[in-house]
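In: Predicted model follows, preceded by the sequence.
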Amino acid sequence: MRKGVVLLLCAAAGLLAVAMTPPLRCTGNEAAGRAAGEQHRLCAGGEAGEKGRTVDGHQAGEYPLQGSWRHGGDEMQDVPSASPYIRWWWFADVIRPEDVRSQLDWLKANGFGGVEMAFVYPLHGDSAAARLPWLSQGWSQAVADAARYCDTIGLGCDITFGTLWPFGDSMVPPEDGALVYTDSIAPTRMRLTWEHPVRGRVLNHLDHEALRRYADRMFAALEPALQGKQRHLFCDSWEVETRKLWRKGFEDEFRTTYGYDILPMIDSLYVPAFAPVRYDYMKLISRLVLDEFYTPFVKAAHEHGALTRVQCCGAPTDLLAAYGRIDIPEGEAILYEPAFSRIPASAAVLSRRHLVSAETFTCLYGWKGWPGPGPHQGEERVDDMKLLADAMFAHGVNWIVWHGMPFNPPDRHEKFYASVHVGPDASFAAALPAFNSYLTEVSSFMRKGHSYSDVAVYLPLEDAWMDGELPDSLKMPWAWGEYEMRYQRTPEEIKGYQPLWINAEAIEKGIMHDGRMRTGDAAIRTLYVDARYLDRRTVWAIFDRASEGLNVCLLQRPSEPGFQTGRLSMLEYELDVDALLALPTVRTDASAILEVPPLVEGRNIPDFWCRSEGETAWLFFAHPASQGLRYPLAYGQAADARAERRELTIHWQGKSIPLVLDFPPGASILVEVDAEGNAHQKTYIIASP
């Protein structure tokens, strides 16, 4: 008989208790129930002991830890561990091999699956600090030694492709530097890098030749570290100035593309009345970001035997298109709220990617500028972190990357200013093995099969580019534009269908088969569009699929974005929209969706994510208190995650399966459903400190 498992993680004592309970089966008219069972306690700071078995009889963390995996039709080896990785902050310093091994051994013993090496400023910003010169032979050797030791002890090792956040350093020549258009064309500089106090140039992210020259230097230094097991080259969120982002000759490209001169209007680009011009500007910038940065970066990595893991957050581009070009798309929390990760998760489905990672626990309780410390740094609570991690899982993430751990010799106890503090001196160190075991197990289930797909929601890119700036109430010191899509949410009325975001590119590539649009791994029955503006290309793509049988819910009559230069062009657009609305498969409400039962039906559905393989589905339900988490978390916010009940129905394989979810305080629930209508629950509980 299969067993359900209840895990209790005690953040204060660092204890893990495993309670074996009979499975919950909900077939036909049977109601769900729960029975208590035997308990035994394991010390989270020591050996894990016997692992609790999962609902299908496999050990936690077993899916998929190694072997080959499909990536865009190719076979790539060395699948990353389902255990969480951690960003490992290397302060500019003299790196001793024994200190490297000591920290990596500690990470391995505490349930981490790998590291992401990040190269930052000298400790305390000490300009005179001794250090290995940037990209020197000594630096290269230290990085390679760390990577090889990771291979030896079974940790993954990813490498940040530069120092600090945007690509760039002091060796970027003036002609390769990033530009913005001010009174003249001005360069942008870096600060607090490995080379501090030297301020290098930010690389021009709109020039693939500049990227190639930068990459040649990076690959020369990283070549020894890229030997051995599969490496991922990491690119952090977009940290390049986006206001009036420019490159040489941009004004000529713009005039050729749109037939008018942008220079007389450049100073008014962010004035609301100039939204059509701003749209044209953003559309061209978006294409350059894709063609000149993300696409060639991935190509260069593959040429050197590496894969890419990238946060496209904040990039002035079509985010779904950008994420779709990356090997492992990555979200971020909680500077980006958990719901944002549905964008990279959707891109993964649309581009047949298996893994979706997320930088997690960043500035958990708020942010304070360098040198920090942030609020409650060094006092973090595991129950709060679980609340956030569960929200990430419920939006499609299946690989947690902790943020993070500073490089510290055994006798040093420094912190990185904007991070949850991880290390032997962390406030929650005793609870780490248990918490990481939980993250590993859920990640393993969220890697099974494929993400469920049924309804796609058009991500309103055109609206964002036309709208320009965020309302003042939503701005942050590092966020000002609607183009970031920070606050986009799929409609609540269709939550039970696990809607995915989609863009024009994916619709164009879609092929209709058996009444569904197949695009990547998605099989879309209905397209939901609620946008004030749609590009002509988007209208044409929707028309093509709708004329082939795709159900479309077009909730608003769209207008054409961008600067219109003639009445004939405007008339043609209106006729195109008329033709779309005249198709029998297009409706102006959500009835085409709602006439078919959702995957999950009920009132106040918790956030969830479903993976399926064959006739079996796995649904992860976050505690209802994980829904709608906002930056920053309140310290101890998990205390509000009280016991709750949800009475739902799962519609799977032609059966309607009643399901009662009883959430203990702070709990999350994993449900396995099979073709016979059996549902097996597994509840994960974390006790309040």
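Out: Great, that's in hand.
In: And the strands in the stretch 451-600 of the chain?
Out: Secondary structure of the stretch 451-600 of the chain (DSSP state E, counting those that start in this stretch): strands located at 455-458, 500-502, 511-513, 516-519, 522-524, 526-529, 551-554, 586-587, 600-602.
In: want to throw these into CSV with mean pLDDT and mean neighbour count?
Out: Quick note: C-beta positions are derived from backbone N, CA and C, even for glycine. Formatted as CSV, those follow (pLDDT from 0 to 100; neighbours: other CB atoms under 10 Å):
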stretch, mean pLDDT, mean neighbour count
strand 455-458, 98, 26
strand 500-502, 99, 27
strand 511-513, 98, 12
strand 516-519, 98, 21
strand 522-524, 98, 22
strand 526-529, 98, 24
strand 551-554, 98, 23
strand 586-587, 98, 19
strand 600-602, 98, 18
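In: As JSON lines, those with distance to Ser136 would be great.
Out: Below are the strands of the stretch 451-600 of the chain laid out as JSON lines (distance: least, CB to CB, whole Å):
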{"stretch": "strand 455-458", "distance to Ser136": "49"}
{"stretch": "strand 500-502", "distance to Ser136": "44"}
{"stretch": "strand 511-513", "distance to Ser136": "51"}
{"stretch": "strand 516-519", "distance to Ser136": "46"}
{"stretch": "strand 522-524", "distance to Ser136": "47"}
{"stretch": "strand 526-529", "distance to Ser136": "53"}
{"stretch": "strand 551-554", "distance to Ser136": "58"}
{"stretch": "strand 586-587", "distance to Ser136": "61"}
{"stretch": "strand 600-602", "distance to Ser136": "55"}
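In: Figure out which of those strands is closest to Val382.
Out: Of all the strands of the stretch 451-600 of the chain, it is strand 600-602 that lies closest to Val382, at 28.1 Å by CB to CB.
In: Buried residues of stretch 558-566, list them for me.
Out: Residues of stretch 558-566 classed as buried by neighbour count (16 or more other CB atoms under 10 Å): Pro558, Ser559, Glu560, Pro561, Gly562, Phe563.
In: could I get the residues you listed as CSV with distance to Trp106 and pLDDT?
Out: Output for the buried residues of stretch 558-566, formatted as CSV (distance: CB to CB, whole Å; pLDDT from 0 to 100):
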residue, distance to Trp106, pLDDT
Pro558, 55, 98
Ser559, 58, 96
Glu560, 58, 96
Pro561, 53, 97
Gly562, 55, 96
Phe563, 58, 93
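In: Same list (those) but as CSV, adding distance to Leu335.
Out: Shown next, in CSV, are the buried residues of stretch 558-566 (distance: CB to CB, whole Å):
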residue, distance to Leu335
Pro558, 32
Ser559, 33
Glu560, 34
Pro561, 29
Gly562, 31
Phe563, 34
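In: Out of those residues, flag the one nearest to Glu647.
Out: Once CB to CB is applied, the member of the buried residues of stretch 558-566 that ends up nearest Glu647 is Pro558, at 38.8 Å.
In: Go ahead and confirm the closest one touches Arg536.
Out: No - at 10.0 Å, Pro558 does not count as touching Arg536 under the criterion of CB atoms under 8 Å.
In: Go through the helix or strand hosting Met218 and flag the buried ones.
Out: Secondary structure from DSSP states H and E places Met218 in helix 208-222. Neighbour counts using 16+ other CB under 10 Å place His208, Ala210, Leu211, Arg213, Tyr214, Ala215, Met218, Phe219, Ala221, Leu222 of helix 208-222 among the buried residues.
In: Could you report the neighbour count for Asn613?
Out: You called it Asn, but residue 613 is Glu. Applying other CB atoms under 10 Å, we find 10 other residues in the vicinity of Glu613.
In: ok, back up a step: tabulate the buried residues of helix 208-222 (JSON lines), appending pLDDT and distance to Ser443.
Out: Below are those laid out as JSON lines (pLDDT from 0 to 100; distance: CB to CB, whole Å):
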{"residue": "His208", "pLDDT": "98", "distance to Ser443": "34"}
{"residue": "Ala210", "pLDDT": "98", "distance to Ser443": "37"}
{"residue": "Leu211", "pLDDT": "98", "distance to Ser443": "32"}
{"residue": "Arg213", "pLDDT": "98", "distance to Ser443": "37"}
{"residue": "Tyr214", "pLDDT": "98", "distance to Ser443": "33"}
{"residue": "Ala215", "pLDDT": "98", "distance to Ser443": "31"}
{"residue": "Met218", "pLDDT": "98", "distance to Ser443": "29"}
{"residue": "Phe219", "pLDDT": "98", "distance to Ser443": "30"}
{"residue": "Ala221", "pLDDT": "98", "distance to Ser443": "32"}
{"residue": "Leu222", "pLDDT": "98", "distance to Ser443": "27"}
